[in-house]
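> got a predicted structure plus its sequence, pasted below:
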Amino acid sequence: MNNIRVTREQVENDYPTIYQEFIENLRNSNSINKNIDLEKTNWFYSWGSFVKKAKTDEERVLRDLKNQEKDGMLFPERLDLEFSKIRVNITMEGGNFVRGDRAGKDLPLPESITKIVAETTKISMLLEQKEINNQNVINSIPEIDDSIVPRDQIDSLLSMVNQSYSDDEELDVDTILEKISSQGIESLTNEEKEFLDNQSN
């Protein structure tokens, strides 16, 4: 899961019904913080990609075929696919009072999340296309916005294609992307940093 801190106003704008429900829950609770100044509340979004589990062999085959098809998708279609898999959780902290819930999948994604997902999708597609080299797909990928994903992180990620960790563990690009996106490059272990340095060189 990816996590970002957001403002109370962002949540009120993105999810007005959920926001109101959280505030009512707080005010009607038995918490010692039920009358906390709303300016002192903390709000967070967390999100991840979720796909319905295949229950039969037929569903598994169809899912695998769809995964293969995504490698040939142009960026707009691929981004729509990635957005369709995202589920968002909202959390409010008001002193000792904590309330969380998942937003319905029919609700639009917040702009703060769509921007991050768009940039990580661009990077994922570029990494995939290093092996596949479908020029139509590559040409459809817009320039990466390095105000959202810093350029040094982009360069490090793009240098990781077909590499492995020193203990021969297969590199999981999605996990690395998720970790850097949610926690920053400083969250990497010494081994991971050394690995990135080696790839950059």
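Looks like it came in fine. Nothing here was measured: the structure is a model prediction, and the numbers come from that model.
> can you pull out the strands in this structure?
Along the chain, counting by DSSP state E, strands occupy 2-6, 42-49, 86-94, 97-102.
> looking at those strands, which is closest to residue 146?
Proximity to residue 146, assessed across these by C-beta to C-beta, is greatest for strand 2-6 (17.8 Å). Placement of C-beta: from N, CA and C, glycine included.
> what comes up buried for that closest one?
By 16 or more other C-beta atoms under 10 Å, the buried positions in strand 2-6 come out as 2, 4, 6.
> who does the first one bridge with?
Listed beta-bridge partners, residue 2: residue 47 (assigned using DSSP bridges).
> thought it was touching residue 46?
Yes: at 6.5 Å, residue 2 counts as touching residue 46 under the criterion of C-beta atoms under 8 Å.
> circling back: could you dump the buried residues of strand 2-6 into TSV with pLDDT and distance to residue 69 added?
Converted to TSV, these look like this (pLDDT from 0 to 100; distance: C-beta to C-beta, whole Å):
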residue	pLDDT	distance to residue 69
2	86	25
4	93	30
6	97	34
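> closest to residue 60 among these?
Nearest to residue 60 among the buried residues of strand 2-6, with distances taken as C-beta to C-beta, is residue 2, at 26.7 Å.
> measure that closest one to residue 118 for me?
Residue 2 sits 13 Å away from residue 118 when distances are taken as C-beta to C-beta, to the nearest Å.
> one step back: quick one: closest of the strands of the chain to residue 144.
Distance to residue 144, taken as C-beta to C-beta, is lowest for strand 2-6 among the strands of the chain, at 17.4 Å.
> and that closest one with strand 86-94, angle?
Angle, strand 2-6 to strand 86-94, by axes from the mean of the first three to the mean of the last three C-alpha atoms, to 10 degrees: 50 degrees.
> tell me what strand 2-6 is packed against?
If contacts are counted by 3 or more C-beta pairs under 8 Å, 6 or more residues apart in numbering; DSSP states H and E, strand 2-6 sits against strand 42-49, helix 111-132, helix 173-183.
> in the second one, what counts as buried?
Translated: helix 111-132. Using 16+ other C-beta under 10 Å as the test for burial, helix 111-132 gives 113, 116-129.
> cool, and stretch 79-93?
For stretch 79-93, a neighbour-count test (16+ other C-beta under 10 Å) marks 79, 82-83, 86, 88, 90-93 as buried.
> tell me who's in contact with residue 136.
residue 74 (C-beta atoms under 8 Å, 6 or more residues apart in numbering).
> can you find the helix or strand of the protein with the lowest average pLDDT?
helix 190-200 (a mean of 58; mean pLDDT, DSSP states H and E).
> residue 121 contacts residue 76, doesn't it?
No: using C-beta under 8 Å, residue 121 makes no contact with residue 76, being 10.5 Å away.
> check the helices and strands packed on strand 2-6 for me: which has the lowest mean pLDDT.
For these, mean pLDDT drops lowest on helix 173-183, to a mean of 65.
> endpoints of stretch 84-98, how far apart?
Start and end residues of stretch 84-98 are separated by 28 Å (C-alpha to C-alpha, to the nearest Å).
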